[in-house]
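S.K.: Sequence and predicted model, in that order:
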Amino acid sequence: MIATLRRSPETMIVYGSVAVLFGLIAAFWPVGTALTLVTLWGIYALVDGISAFIQAFRNVTASSRWWFVFTGIVGVLAGLLAIFRPFASSVALAWVLGIWLMVRGIAEFIGGFAPDLGNSRWLLLLAGVGWFVAGILFVAYPGAAALSIALWLGILAIVWGLLAIGAGFSLRSDLKQIEAETSSAGQQPAT
């Protein structure tokens, strides 16, 4: 078990370092990061659409077949649009995210009026307003929203990476201490 744990600190330090590097790139080049993420999503949507087409011609019912064909068409078109027009797609995705944030805000606000919430009622109401305002900002300024997503993703990656690096060094130190205690316990004379 100690042999497995011995590899873990290095793995955590490497993963943390890669996360910090990604975070720095995302934070200093948010436009490139946003466009890259949209393009990657486009590739995913394209593959998903092609998979839906393939599924449509497998052993499925006629009503299911048309649903898979529709899903395939939407996936392929969305994927191609995101790949070949990533800026326009990033704005569209920011709009979708903004609408989702507003719906989530309304749901949390309504949830704040549920019975038996006690003091947490105000937190839910405040969270609902916060989500709704964020959604309005995303819809009103979709280009800036897409860039801010890339920037926040970068900041989160840097923080996570630094925490992972710290945890890796801490685990390495703990393992050295365990090994020292184990070796000194084996060398003590029996009484």
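M.R.: That came in fine, so what should we check first?

S.K.: CA only for contacts and neighbour counts going forward, please
M.R.: OK.

S.K.: Which parts of this structure are helices?
M.R.: Here the chain has its helices, by DSSP state H, at 2-28, 30-56, 62-84, 86-111, 120-140, 142-187.

S.K.: Hmm, Trp122 is touching Gly111, no?
M.R.: No: the pair Trp122 / Gly111 is not scored as a contact, 10.6 Å apart, by C-alpha atoms under 8 Å.

S.K.: picking up where we left off before, export the helices of the chain as JSON lines, with columns for mean neighbour count and mean pLDDT.
M.R.: What follows is the helices of the chain, written out as JSON lines (neighbours: other C-alpha atoms under 10 Å; pLDDT from 0 to 100):
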{"stretch": "helix 2-28", "mean neighbour count": "17", "mean pLDDT": "82"}
{"stretch": "helix 30-56", "mean neighbour count": "20", "mean pLDDT": "89"}
{"stretch": "helix 62-84", "mean neighbour count": "18", "mean pLDDT": "87"}
{"stretch": "helix 86-111", "mean neighbour count": "20", "mean pLDDT": "86"}
{"stretch": "helix 120-140", "mean neighbour count": "19", "mean pLDDT": "87"}
{"stretch": "helix 142-187", "mean neighbour count": "17", "mean pLDDT": "86"}
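
S.K.: so how far is Leu40 from the residue positioned nearest the centre of the chain?
M.R.: Closest to where the C-alpha atoms of the chain average out (C-alpha atoms, centre = their mean) is Leu153, at 8.0 Å. Plainly put, Leu153 is 15 Å away from Leu40 if you go by C-alpha to C-alpha, to the nearest Å.

S.K.: Is it correct that Ala145 is in contact with Val96?
M.R.: No: checked against C-alpha under 8 Å, the pair Ala145 and Val96 is beyond contact range at 11.2 Å.

S.K.: I'd like to know how far the closest residue to Leu101 other than its chain neighbours sits from Arg104.
M.R.: Nearest non-adjacent residue to Leu101, counting by C-alpha to C-alpha, 6 or more residues apart in numbering: Gly135, 4.6 Å away. Relative to Arg104, Gly135 is positioned 9 Å away (C-alpha to C-alpha).
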